[in-house]
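[1] Make a model of this:
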Amino acid sequence: MFKRIASALAGAVVVLATATTPASAAAIARPVDLGTLPGGSTSEGLRVNYHGTVFGTAYDPAFNVHGARWDAAGRVSDLRPADGYTAVEAAALNEAGVAVGNSTNHVLTGRATVWDASGVPVLLPLSDEFPHHPYSAATALNEHGMVAGFVYGAPGPDTVVRWDTGRGTVTELGFGRAVAINEAGAVISRNTYWDPAGHVVEPAEGGSLYDLDDAGTVVGESGGHAAKWDSAGHLTVLDTTWASSTAMAITADGTIFGEVTDKDHQTRVARWDRTGIVTVLPTPGDVPSRFTGASRTGVALGQTDTGTSFTWDTAGRVSVLPPLAENAICFAEGLTDWAVTGSCDVPGSNFHAVLWKLGEPTGSRAP
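    Take a look at the predicted model:
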């Protein structure tokens, strides 16, 4: 176990104000309707990779929720729950097209499940350590086939686990629920950080953890302000100028995204560069916004409280994601540099999974 390390309150930042008429990127075309499973009526896209594969959920004809995976040509595959279960919760997708989620019967009983290219569901093993939790849930996946999640249902508390699907192993790490895993296998829950060897790294001053990069830098909030911790647990407070703030994602180059909130409780999406300078990302009319996600190279996704979704390119230029049809309601969920997936209501029908194209698939993982 790593020794607790005193905080380094190096939080000097410069705040760049938003403009009332922000610079805009090129207009984005209406999304592509990805459709549903044969005989089904509803679907949603949740994750998209750089090859153009989309992972989400869709109803089968009997109104059971299944996993759904669309290839780059828009062809859908039915990812059924494992035998003995009736529904699927989608969690994560990697560049190989491997999907992870949960086979469930209802909210209290489920098992972490992986679907490879064949689409056959495989239950991830339960840990044989005491107290023998009977259920599990997957929450995150890396490119090496390691899955982070948790086991639950026993008299003891929920416990974070890491599955290595290549080796067929499951490792219990400690109490909590995993929220992210990096390529080395380091895992975070909302308040604990485990290094690749499974040792606890104590985040100085504590706080809430949201994301980590491949170098082991963790981002979140400490004392009500956006913060980051290095792989040894040293703390850097990113912001003290706003009433409150939270760092929620970190990209491959160390850019950090999150939210800042003013004294009037108005929240906006913000970006911190590697030097700690914060930029509040603009929206048309300077309306409040919420952070949804970021690509590995710094394209960001957010939305207003009224449901309008935006992307910001790496230069901070904003683009509105248009609905599938006039006055339709849409929800954007996941993105890469070239695409955003989500769902839109279809006139005369239900919600369908959609794909907004920002460019063309790169066919490889972002650097």
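
[2] List the buried residues for stretch 183-201?
    For stretch 183-201, the buried set under the neighbour-count rule, 16 or more other C-beta atoms under 10 Å, comprises 184-189, 192-196, 201. Every residue, glycine included, has its C-beta placed from N, CA and C.

[3] So what touches that stretch?
    Under the criterion C-beta atoms under 8 Å, 6 or more residues apart in numbering, residues 1-2, 140, 142-144, 146, 148, 160, 162, 164, 171, 173-181, 202-203, 206-212, 214, 216, 218, 229, 231-233 lie in contact with stretch 183-201.

[4] Adding distance to C344, pLDDT and secondary structure, write the buried residues of stretch 183-201 out as CSV.
    Compiled in CSV, the buried residues of stretch 183-201 are given as follows (distance: C-beta to C-beta, whole Å; pLDDT from 0 to 100; DSSP: H, G, I helix; E, B strand; the rest coil):
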residue, distance to C344, pLDDT, secondary structure
A184, 37, 98, coil
G185, 37, 98, coil
A186, 36, 98, coil
V187, 34, 98, strand
I188, 33, 98, strand
S189, 33, 98, strand
T192, 38, 98, coil
Y193, 37, 98, strand
W194, 39, 98, strand
D195, 41, 98, coil
P196, 40, 98, coil
V201, 42, 98, strand
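
[5] Narrow the contacts of stretch 183-201 to just the buried residues.
    Neighbour-count burial (16+ other C-beta under 10 Å) is assigned, among the contacts of stretch 183-201, to 140, 142, 146, 148, 160, 162, 171, 173, 176-181, 202-203, 206-212, 216, 218, 229, 231, 233.

[6] give me the low-pLDDT residue ranges for this protein?
    Low-confidence regions of the chain, defined here as pLDDT under 70, cover residues 1-23, 106-107, 362-367.

[7] Recalculate using a threshold of 90.
    The model of the chain has pLDDT under 90 over residues 1-27, 106-109, 128-132, 154-156, 284-285, 305-307, 325-328, 347-349, 359-367.

[8] all helices for it, in order.
    In the chain, no segments count as helices under DSSP state H.

[9] Quickly list what the residue most central in space within it is bridged to.
    The centre of the chain sits closest to G293, judged by C-alpha atoms, centre = their mean, with a distance of 6.3 Å. In this entry, G293 is beta-bridged to L301, by DSSP bridges.

[10] Hmm, A300 and it touching each other?
    Yes - at 7.5 Å, G293 and A300 qualify as touching, with contact defined as C-beta atoms under 8 Å.

[11] Report the contact partners of the nearest residue to S43 once chain neighbours are set aside.
    Of all residues not flanking S43 in the chain, A58 sits nearest, at 3.6 Å (C-beta to C-beta, 6 or more residues apart in numbering). Taking C-beta under 8 Å, 6+ apart, we find A58 in contact with 36-37, 40, 42-44, 65-68, 76, 78, 353.
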